[in-house]
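Asks: Model the following, please.
(6 chains, ligands or ions: 30)
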Number of protein chains: 6
Amino acid sequence: MSDDLVTFGETMLRLSPPNDERLETAREFEVRAAGAESNTAIAAERLGAVTTWMSKLPNTALGHRVDGGLRQYGINTDVVWTDDDDVRQGTYYLESAGRPRGSNVVYDREDAAVTTATPEELDVDRIRNAQAFYTTGITPALSPQLRETAATLLDAAQQAGTMTAFDVNYRSKLWSPEEARKTVTQFFQVVDVLIIALKDAKAILNYEGDATQLAHHLASEFDFKTVVVTRGDQGALAWNDNVIHEQPAFETDTVDAVGTGDAFAGAFLAQRLSGADIQKALKYAAATAALKRTIPGDVATVTKPEVDAVVNEGNADISR
Amino acid sequence: MSDDLVTFGETMLRLSPPNDERLETAREFEVRAAGAESNTAIAAERLGAVTTWMSKLPNTALGHRVDGGLRQYGINTDVVWTDDDDVRQGTYYLESAGRPRGSNVVYDREDAAVTTATPEELDVDRIRNAQAFYTTGITPALSPQLRETAATLLDAAQQAGTMTAFDVNYRSKLWSPEEARKTVTQFFQVVDVLIIALKDAKAILNYEGDATQLAHHLASEFDFKTVVVTRGDQGALAWNDNVIHEQPAFETDTVDAVGTGDAFAGAFLAQRLSGADIQKALKYAAATAALKRTIPGDVATVTKPEVDAVVNEGNADISR
Amino acid sequence: MSDDLVTFGETMLRLSPPNDERLETAREFEVRAAGAESNTAIAAERLGAVTTWMSKLPNTALGHRVDGGLRQYGINTDVVWTDDDDVRQGTYYLESAGRPRGSNVVYDREDAAVTTATPEELDVDRIRNAQAFYTTGITPALSPQLRETAATLLDAAQQAGTMTAFDVNYRSKLWSPEEARKTVTQFFQVVDVLIIALKDAKAILNYEGDATQLAHHLASEFDFKTVVVTRGDQGALAWNDNVIHEQPAFETDTVDAVGTGDAFAGAFLAQRLSGADIQKALKYAAATAALKRTIPGDVATVTKPEVDAVVNEGNADISR
Amino acid sequence: MSDDLVTFGETMLRLSPPNDERLETAREFEVRAAGAESNTAIAAERLGAVTTWMSKLPNTALGHRVDGGLRQYGINTDVVWTDDDDVRQGTYYLESAGRPRGSNVVYDREDAAVTTATPEELDVDRIRNAQAFYTTGITPALSPQLRETAATLLDAAQQAGTMTAFDVNYRSKLWSPEEARKTVTQFFQVVDVLIIALKDAKAILNYEGDATQLAHHLASEFDFKTVVVTRGDQGALAWNDNVIHEQPAFETDTVDAVGTGDAFAGAFLAQRLSGADIQKALKYAAATAALKRTIPGDVATVTKPEVDAVVNEGNADISR
Amino acid sequence: MSDDLVTFGETMLRLSPPNDERLETAREFEVRAAGAESNTAIAAERLGAVTTWMSKLPNTALGHRVDGGLRQYGINTDVVWTDDDDVRQGTYYLESAGRPRGSNVVYDREDAAVTTATPEELDVDRIRNAQAFYTTGITPALSPQLRETAATLLDAAQQAGTMTAFDVNYRSKLWSPEEARKTVTQFFQVVDVLIIALKDAKAILNYEGDATQLAHHLASEFDFKTVVVTRGDQGALAWNDNVIHEQPAFETDTVDAVGTGDAFAGAFLAQRLSGADIQKALKYAAATAALKRTIPGDVATVTKPEVDAVVNEGNADISR
Amino acid sequence: MSDDLVTFGETMLRLSPPNDERLETAREFEVRAAGAESNTAIAAERLGAVTTWMSKLPNTALGHRVDGGLRQYGINTDVVWTDDDDVRQGTYYLESAGRPRGSNVVYDREDAAVTTATPEELDVDRIRNAQAFYTTGITPALSPQLRETAATLLDAAQQAGTMTAFDVNYRSKLWSPEEARKTVTQFFQVVDVLIIALKDAKAILNYEGDATQLAHHLASEFDFKTVVVTRGDQGALAWNDNVIHEQPAFETDTVDAVGTGDAFAGAFLAQRLSGADIQKALKYAAATAALKRTIPGDVATVTKPEVDAVVNEGNADISR
Ligand SMILES: [Ca+2]
Ligand SMILES: [Ca+2]
Ligand SMILES: [Ca+2]
Ligand SMILES: [Ca+2]
Ligand SMILES: [Ca+2]
Ligand SMILES: [Ca+2]
Ligand SMILES: [Ca+2]
Ligand SMILES: [Ca+2]
Ligand SMILES: [Ca+2]
Ligand SMILES: [Ca+2]
Ligand SMILES: [Ca+2]
Ligand SMILES: [Ca+2]
Ligand code: NI
Ligand code: NI
Ligand code: NI
Ligand code: NI
Ligand code: NI
Ligand code: NI
Ligand code: NI
Ligand code: NI
Ligand code: NI
Ligand code: NI
Ligand code: NI
Ligand code: NI
Ligand code: NI
Ligand code: NI
Ligand code: NI
Ligand code: NI
Ligand code: NI
Ligand code: NI
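Replies: Ligands and ions are numbered 1, 2, ... in the order given. So this is what the prediction gives:
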């Protein structure tokens, strides 16, 4: 069976001390698999899309920890396993806290196996046979090789008629605004559906206007089919066929904010792939993102009936 | 020493993943003993009533886990132990979360040992010798046998001069509104003190009015001594001798809402049994319910001085 | 891609208190997915076989907990999901301890969803297209429907040229020796590879001889291709083409003995499917079984290089 | 209902780091209620005796932690609660380890509430109405007041025809051999059943002979009804009616050795109270002691069928 | 290298059940080292001051647990170790909860080793060589000896030109308002920098005015160099050179409020010692106090860049 | 105060799943600071030596986790902190298990900050002022820079009259036998006290004889003051002044074998520095190594009295 959605990118081990403990004094870490493109894949799968995450991992217990961790959530994985000693499993350390401490991330992802992934070793035909292909701006930020690989995959997808979707996902710890702008605007040429946070547009495109203007501006300049602009708890909007659709955020009691945008993207794509119109897809995306924030970890382990309930009733609290 | 209060009903193992984790991805469960009638018994005991919970359990490590778990909180237990292989220990799986996810319950309580409990094997004299007897609408919902047994016990209690108290406690996962209405209104004939949530009145009695009207209506129709109507964070009121007493809810930082109503009922009964007037009993009930919500698990493991402090000062924060 | 091996049977939630704690006093349970046929599937997959576990689960968070838990270990799952309220997720409670306490199991698996599984709703073609099909004597012990379903699947497999493998796996808590004997000897008619513990032969076949005699006796009476007789820490032997192959057990520091036989079976089948001769398959089976005993849970989450190391060097202790 | 057995003594909070961690580096402690006389009470109750533990505790959350912890195991508690600020809840810190580290105990039990318990505030009639009364040499070691109180209780018991039992239980951290000898030999005058470890006889009675000689010697000198001498893994023996009965220890995989002697004493007394002869009582005592060593904590949370199984079959490993 | 700051006082083991569990039902305690003067020392060290905490501890695993726990946070410790059996390691049990339960503390700190500390055994020269010396009103409340010792140390410090700082820190569980007033006002004679909570002024000085009036009043009556008055979430102010400086509190999501005042004091002193003016020192103190409340435990394990970020941007949420 | 011992080398974060869980399925990791040279420093400090560990760490929460973790055990740390983004905190993942699985280590230590440490940024005078300086063969294996730095430090130490000690500590995952031989034999020129495992001599020196021959051979070839040869559970021996001293290993119940050799080295050096003769130093080394194996983590958090007890009585089990 061919995929509705294939995503490509890095997934890390996420190591975080429980119960607001600090990294500096931690005696235990919770271990999870986490990465923008696998987060998105899982959200899409949860909403009904047949989804595969594609990547490269070291053939160690840590690499298999990531692979098994993702399979557990229901998606398929298509992994290039490497025994090359010069690459490693990327990790990131996350310390969560409330105001005014906020969250703190220590990335330890240099030389990850995925940074050496070439189009030749990846199953590009799987992408060509899928309904949609997705990656984010994190991928090209990880290595020059990945910049080339991601561009090649997007191009191959678009040429094969696979819908290409791209979330800008700017990470200031990975590259400068200038580098990011140069690369992602090149990628825009082969992207059908763009997702961009308003704050990222400000950071890397030096954009000054509001979300509506941004969507129109990008759509006209790069000829996207759809542009989605997210604004955190201010909600999101989408430009499609020259029409703007708005969607407020749902109220949420946040326990873990990481992965909110990925949950949004995955749900939006799954809805679109199953035929939903833009407005409905945005609402499911917002509901899935809100549910994500109640779940520890990067991943939206929601169920379709729960998202339906939030969309229809505002919450998924089930009566006894 | 005879009991101030005897309660009768099912107590389950409550299995819940810690820290907002989902059931679907849980690697550990917290284990607790939980059930409406034992929750109520414990709250009453904590407020000073000598209390026994009466039930039937399988003679397995799980049944003894429930029994020991309840004894730990200070109450007495009077258990019919069965080695019958066709009955089991009821369990329920609880997943707690904030908005918009809310809580989710998976009941796994069919064929629980208690569903086969007959008046013949229970110590009905203990009920006859007690000051009060209490059960809830959950009990008759569990099996036809329990419907008969609960009716018999209430009847025996009332005939012996034991005050009968009943909390409607409608559970839509156990029976339909019609079944519930038919049964509980029959039970009303042998009940002295009725406790009913306004939302349950709406659900099963098709009641449309407000709490005051409901109390008057029920009192006149069924000749109760006392009718308590609860409205969640809107507070409660009680009809007694044709007078309505109101009590707002205390503000609370909820960590576990399950068992709030049971804590309310237990404290109300304990206060009444120790001679408090309706208004004071309502206030202690509201204070105990508020404290319950700060405690993980179904059970109000409060102390009398803490409840006194909340009643008198609004909180039990103890100075250093 | 078609499967090397398909297994069919029940997988339960396994709930066990950590650190030798007793069930009666437990405050937390470790949660795992566990079942003979999925245990075997995972061991086979770990040794290189493409494997699918086939079953029926309730469409609840608990059913998905089982499914995701198994996928995490690398196998595929082919699940019939049911929303039928009358069936449930089977569970078992395990308390582990050393001498003289030993382990204690409380089964709570009645009315599991799988007990209603019919051949019509299962994907019998997947079995027909596989190299081998496997189930155990637990499956027909669970319900009359499963007795029929398991017989039908074995028959369909054998007719399609799929190698059929069967582990007697007698469970005295599920059925009597007489019932077991009657059923499993009927099944023997459609089984190619039989695995049987010597103690089970004693218990249900009233067998008095030694393992060698048993293998010969069974092979001649039921026309098996292969008969494997296991004797715990006394090792195992196999009858094949009228030759007996012996294999001692590897020494092991046991932390969890549950699933040892399933690990043995899975490794034996994977080796046979990849062309190994009987002696080599037995050795890999014994090594995998020994490794299993060092791993908490029912499942042999080994790697092929580890098993190779145990086979070749007696241990998998990796140098720094 | 009157008691089969009443025990009197101190129960502490036991605080111990999990998993062989050291006290000096511990980040968490497991919390349990532990004390020789409550340990013994629980073992007796588990073997079928109706048992009450009598003591004095501070009226704090810690005192109630102890009380509830004991009730959970099935015994009754008869506690004098004190609000006196000058007394406290005794605690002990336990660090467990294998060879050559061994276990380490830090006592923090000075000024425990029980050290001020007087006969006047205790329910001596409960002792008079019981079949047997039990305390250990730890009790008089805790304070001069307790020396007097324990003597008074033993005397009152014996005068009322309650069988008195006493375990010497020498603790070198609490008093010197000389003090201990002087006090316990006075106590011997009012003791019917003496339990003494051979090593304690060596330490405080300067005894040089073997266990048989010790039992004869003590029986003739102090006119005991029964003398039990324990020798750790060398087994135990009992002198009764001038006959010596021997009992080897059962093999055990020890996870927690604390409380072994208390389990032995409780089972021995329960058996004697239910009419068992000395030999049978010794065997049940040895079996219960062996089971205790497989259970974390001070307490033998065994079941009667398990002890039966060890007595009859050498282990309680239950078949599946 | 000489110290910027030396603090003197008691540090206890802090034992607290995780996850809002109650002391009465706790099965595990988190273990931390906690005490006003070590809390303050750590906050000062984190802000850049070279700091030593001075005290007396029992030479047991518990005493070393405290010492190592403090060294872990970066400060130096200068400990008098005692093998005296009559003194012990002080502990306190903390139960945290939201409204209306609040927190509850059970002190178990009588006979702590520090209560016998004399000036002769302490390294007074270290204090004389430091820039500043700090203790709180808890220290003299613990024993008559400590009253004398603390007075002697403050006096020696002031005579040597070491700046003396004192936080009134009234603890109603340790002494009466009258005792406290008498002692601390004597101490005021040798104090340069006074820190006092407005509520403590009300409790022990019978003070009725507002914070500004209090600061002026105390400054004129006792000739302090600086008076800091804290008002919880109402912020703080400082009198210095006859000028009042105000500082509001930062908004915070509190997970553990204990130690807030100590964090404030430590940061204030560190800033002053590094040359900051009063207003800047107050702002850093408020920021450190706010960060503290997001951290479990008594201790402000902050970093200087985090506090800078809160001071400059209102939060320390670090971008990815 | 000058140091008795300075050690130099890498300390990593050690991440290991609890309770024999596998890395591939871990949900939590225990976090510890671990490294040969800090392990040795701590053992020496515990035996009474004033000790400093010297290294270079990233100025992140992870680097400070290591530093604080080591300070907690009582040693001093002298750390070069770097904000260089191109270096990182080294980690290693440890999976422990019994036979036949054994332990498994995944190193993730490339580009650790320490690999860039130069003599210029380190406090060489501290080494010159110490009694002894210690490093191991792991250090030069980590980078060419460290090869140079370690050589420079050893040379500077020896020239200043500081005793130089070196443990060969061959790690096959870090370099080849040839590289190791070439480097460590150069180091031997500036080493006074050599510690070498017999198996390492076999691996990198192609040595074929027994331990005694090895010691003589090395002593004569490289002019060492002392040569210690370790043989695991076969004990150790030392050559000194042309005399061989033998020491068997103590029996131990191992819970964590990592760091055994480091504990041995630290205790041996501490004893020698405090004037013990070779035989006594060996015995203390063996006792400390045996105690280490009962303690989770890399570090011998023993006390001097415990080691005394093992040396004198064979165990440190403390009587109650
Ligand atoms: Ca991510
Ligand atoms: Ca829900
Ligand atoms: Ca309930
Ligand atoms: Ca409170
Ligand atoms: Ca199984
Ligand atoms: Ca291994
Ligand atoms: Ca004890
Ligand atoms: Ca058992
Ligand atoms: Ca404090
Ligand atoms: Ca931060
Ligand atoms: Ca190491
Ligand atoms: Ca010890
Ligand atoms: Ni894998
Ligand atoms: Ni993300
Ligand atoms: Ni029980
Ligand atoms: Ni809860
Ligand atoms: Ni309830
Ligand atoms: Ni836990
Ligand atoms: Ni699922
Ligand atoms: Ni199995
Ligand atoms: Ni934990
Ligand atoms: Ni209590
Ligand atoms: Ni233990
Ligand atoms: Ni004991
Ligand atoms: Ni220490
Ligand atoms: Ni705190
Ligand atoms: Ni845990
Ligand atoms: Ni630091
Ligand atoms: Ni370990
Ligand atoms: Ni080492």
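Asks: give me the low-pLDDT residue ranges for chain A?
Replies: Chain A contains residues with pLDDT under 70 at A:1, A:318-320.
Asks: how about the strands in it?
Replies: Counting by DSSP state E, chain A has strands at residues A:5-8, A:12-16, A:28-34, A:51-58, A:76-82, A:91-95, A:104-108, A:132-136, A:163-167, A:193-197, A:226-230, A:236-240, A:243-247.
Asks: what sits against A:Gln186?
Replies: A:Ala151 (CB atoms under 8 Å, 6 or more residues apart in numbering or on different chains). In this view, the C-beta of every residue, glycine as well, is placed from N, C-alpha and C.
Asks: on that earlier part again, quick one: closest of the strands of chain A to ligand 26.
Replies: strand A:91-95 (17.7 Å; CB to the ion).
Asks: and for that closest one, what are the contacting residues?
Replies: A:12-17, A:21-23, A:29, A:34, A:103-109, A:258, F:61-62, F:91, F:108.
Asks: Could you export the strands of chain A as JSON lines, including distance to ligand 20 and mean neighbour count?
Replies: Below are the strands of chain A laid out as JSON lines (distance: least, CB to the ion, whole Å; neighbours: other CB atoms under 10 Å in any protein chain shown):
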{"stretch": "strand A:5-8", "distance to ligand 20": "36", "mean neighbour count": "30"}
{"stretch": "strand A:12-16", "distance to ligand 20": "30", "mean neighbour count": "25"}
{"stretch": "strand A:28-34", "distance to ligand 20": "27", "mean neighbour count": "23"}
{"stretch": "strand A:51-58", "distance to ligand 20": "30", "mean neighbour count": "26"}
{"stretch": "strand A:76-82", "distance to ligand 20": "27", "mean neighbour count": "18"}
{"stretch": "strand A:91-95", "distance to ligand 20": "34", "mean neighbour count": "22"}
{"stretch": "strand A:104-108", "distance to ligand 20": "39", "mean neighbour count": "20"}
{"stretch": "strand A:132-136", "distance to ligand 20": "41", "mean neighbour count": "28"}
{"stretch": "strand A:163-167", "distance to ligand 20": "44", "mean neighbour count": "26"}
{"stretch": "strand A:193-197", "distance to ligand 20": "47", "mean neighbour count": "24"}
{"stretch": "strand A:226-230", "distance to ligand 20": "48", "mean neighbour count": "25"}
{"stretch": "strand A:236-240", "distance to ligand 20": "49", "mean neighbour count": "24"}
{"stretch": "strand A:243-247", "distance to ligand 20": "50", "mean neighbour count": "16"}
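Asks: In contact with A:Glu251, which residues?
Replies: A:Glu251 makes contact with A:290, B:99-100, according to CB under 8 Å, 6+ apart.
Asks: Of those residues - the most surrounded one?
Replies: Highest neighbour count within the contacts of A:Glu251: A:Ala290, with 29 neighbours (other CB atoms under 10 Å in any protein chain shown).
Asks: which ones are touching that one?
Replies: Applying CB under 8 Å, 6+ apart, the residues near A:Ala290 are A:249-252, A:310, B:100.
Asks: ok, the residue nearest to it when sequence neighbours are not counted to B:Gly98 distance?
Replies: Nearest residue to A:Ala290, sequence neighbours excluded (CB to CB, 6 or more residues apart in numbering or on different chains): A:Phe250, at 3.6 Å. Taking CB to CB, to the nearest Å as the measure, A:Phe250 falls 12 Å from B:Gly98.
Asks: of those two, who's got more company?
Replies: Set side by side, A:Phe250 and B:Gly98 show more neighbours around A:Phe250, with 21 against 17, by other CB under 10 Å.
Asks: hmm, stretch A:267-275 touching chain B?
Replies: No: Stretch A:267-275 lies apart from chain B when judged by CB under 8 Å from any CB of the partner chain; the minimum separation is 13.8 Å.
Asks: gap between that stretch and the chain center?
Replies: Its chain's C-alpha centre lies 15 Å from the corresponding centre of stretch A:267-275 when counted by CA atoms, centre = their mean, to the nearest Å.
Asks: in it, what's buried?
Replies: Of all the residues in stretch A:267-275, those buried under the rule 16 or more other CB atoms under 10 Å in any protein chain shown are A:267-274.
Asks: So what's the residue count around the residue nearest to A:Ala201 when sequence neighbours are not counted?
Replies: Nearest non-adjacent residue to A:Ala201, counting by CB to CB, 6+ apart: A:Tyr207, 4.0 Å away. A:Tyr207 sits with 18 neighbouring residues when counted by other CB under 10 Å.
Asks: which residues sit in contact with A:Tyr207?
Replies: A:198, A:201, A:214, A:217.
Asks: quick one: which of those residues is nearest to chain F?
Replies: Taking CB to the nearest CB as the measure, chain F sits nearest to A:Ala201 out of these, at 26.2 Å.
Asks: So what's the residue count around that closest one?
Replies: Neighbours of A:Ala201 under the rule other CB under 10 Å: 22.
Asks: That one contacts A:Gln213, doesn't it?
Replies: No: using CB atoms under 8 Å, A:Ala201 is not in contact with A:Gln213, being 10.0 Å away.
Asks: Could I get the contacting residues of the residue nearest to A:Glu10 when sequence neighbours are not counted?
Replies: Distance criterion CB to CB, 6+ apart; nearest residue to A:Glu10, sequence neighbours excluded, is A:Val114 at 4.5 Å. Residues in contact with A:Val114 (CB under 8 Å, 6+ apart) are A:9-10, A:55-57, A:90, A:142, A:146.
Asks: got TSV for these, with distance to D:Ala151 too?
Replies: Below are these laid out as TSV (distance: CB to CB, whole Å):
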residue	distance to D:Ala151
A:Gly9	78
A:Glu10	75
A:Ser55	77
A:Lys56	79
A:Leu57	73
A:Gly90	71
A:Leu142	79
A:Leu146	83
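Asks: Within reach of ligand 16, which of these are there?
Replies: The subset of the contacts of A:Val114 lying close to ligand 16, counting by CB under 5 Å from the ion, is empty.
Asks: Now flag whichever of those is closest to ligand 8.
Replies: Proximity of the contacts of A:Val114 to ligand 8 (CB to the ion) peaks at A:Leu57, which lies at 42.4 Å.
Asks: now the closest one, which residues is it bridged with?
Replies: The bridge-partner assignment for A:Leu57, based on DSSP bridges, gives A:Trp81.
Asks: any idea where the helices of the stretch 151-300 of chain A begin and end?
Replies: Using DSSP state H, counting those that start in this stretch, the helices of the stretch 151-300 of chain A run over residues A:177-187, A:198-205, A:211-222, A:260-273, A:278-292.
Asks: Give me whichever of those helices is most buried.
Replies: Across these, averaging neighbours per residue (mean count of other CB atoms under 10 Å in any protein chain shown) puts helix A:260-273 on top, at a mean of 29.
Asks: now that helix, how far from the chain's geometric center?
Replies: Here the centre of helix A:260-273 is set off from its chain's centre by 9 Å, with CA atoms, centre = their mean.
Asks: What of stretch A:236-244?
Replies: The chain centre lies 20 Å from the centre of stretch A:236-244; the measure is CA atoms, centre = their mean.
Asks: quick one: A:Lys225 and A:Val193 touch, right?
Replies: Yes: in this structure A:Lys225 lies within contact range of A:Val193 using CB under 8 Å: 6.0 Å.
Asks: Give the residues shared as contacts by the two.
Replies: Common neighbours of A:Lys225 and A:Val193, using CB under 8 Å, 6+ apart, are A:Met163.
Asks: which phi and psi does the residue in the stretch 201-320 of chain A that chain C sits nearest to have?
Replies: Proximity of the stretch 201-320 of chain A to chain C (CB to the nearest CB) peaks at A:Thr303, 8.0 Å away. Note on A:Thr303: its backbone torsions stand at phi -120, psi 160 [degrees, to the nearest 10].
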